[in-house]
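Chemist: Need the 3D shape of this:
(chains A and B)
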Amino acid sequence: DVKVTQSSRYLVKRTGEKVFLECVQDMDHENMFWYRQDPGLGLRLIYFSYDVKMKEKGDIPEGYSVSREKKERFSLILESASTNQTSMYLCASSRLSFRQAEVGQPQHFGDGTRLSIL
Amino acid sequence: KQEVTQIPAALSVPEGENLVLNCSFTDSAIYNLQWFRQDPGKGLTSLLLIQSSQREQTSGRLNASLDKSSGRSTLYIAASQPGDSATYLCAVSPSIGNTGKLIFGQGTTLQVKP
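Modeler: Got it, this is the predicted structure:
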């Protein structure tokens, strides 16, 4: 079974701190994703990566950065945490799809990190 | 811009009922559609993935259908059980750009009463 592990289930930080959220997957997946989930807004994509050292902005990248130095690890960084970044953060991974083959791959999610910024 | 809508937002049924959850999307140019389950305070579990060229997928008591032309998908749950209580989300992968990206609906929260 695919396992996506997020380093913390719950995290409390203060405004202005630099915050690191870590995610590790054990299935050699090329794609990795960071989402945040808020009531009434659903899941929104922050950043994703399809290869080591590659990253692309999602729908709400402002205030965040990412790092992918190894294939299995994808880190989300809050450069200077603010209260509006209090949320549930979800990491996911999937195998890269080749469009010509028309075989999409499911995304596998971690259990999430509930982050509170005080 | 692709938008995904799930109706109803919440549903409560007695145990044993068959039920249908609905998902609609505004742009029919999709690569695939996925259904997920989310238990409270947890991550998402992938249930079914339907390729754009397929009409349906089945897994146990679950059956998902896809009608790309009308922008609709349904998740059919047969003989519902209390353990099926969860939030169900659908997500589409746009056909342009990275095929891994997903756009999510806001989910339907299902309660199955014993």
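
Chemist: What are the boundaries of the strands in the chain?
Modeler: Went with chain A since none was named. For chain A, the strands defined by DSSP state E cover A:4-6, A:10-13, A:19-25, A:31-38, A:42-49, A:56-57, A:64-70, A:73-78, A:87-94, A:108-109, A:113-117.

Chemist: other chain: chain B
Modeler: Along chain B, counting by DSSP E, strands occupy B:4-7, B:10-14, B:19-25, B:30-38, B:44-51, B:56-59, B:62-67, B:72-77, B:86-94, B:103-104, B:108-113.

Chemist: Name whatever forms a beta bridge with the nearest residue to residue B:66 once chain neighbours are set aside.
Modeler: Among residues not flanking residue B:66 along the chain, residue B:50 sits closest, at 4.5 Å (Cβ to Cβ, 6 or more residues apart in numbering or on different chains). No exception for glycine: its C-beta is placed from N, CA and C like everyone else's. Per DSSP bridges, the residues bridged to residue B:50 are residue B:33.

Chemist: Just the endpoints, please. Distance across stretch A:54-67?
Modeler: One end of stretch A:54-67 sits 9 Å from the other (Cα to Cα, to the nearest Å).

Chemist: Please name the residues that touch the residue lying closest to residue A:46 once chain neighbours are set aside.
Modeler: Sequence neighbours aside, residue A:34 is the residue nearest to residue A:46 in space, at 4.5 Å (criterion: Cβ to Cβ, 6+ apart). The contact partners of residue A:34, by Cβ atoms under 8 Å, 6 or more residues apart in numbering or on different chains, come to A:21, A:23, A:45-48, A:58, A:64, A:66, A:74, A:76, A:89-91.
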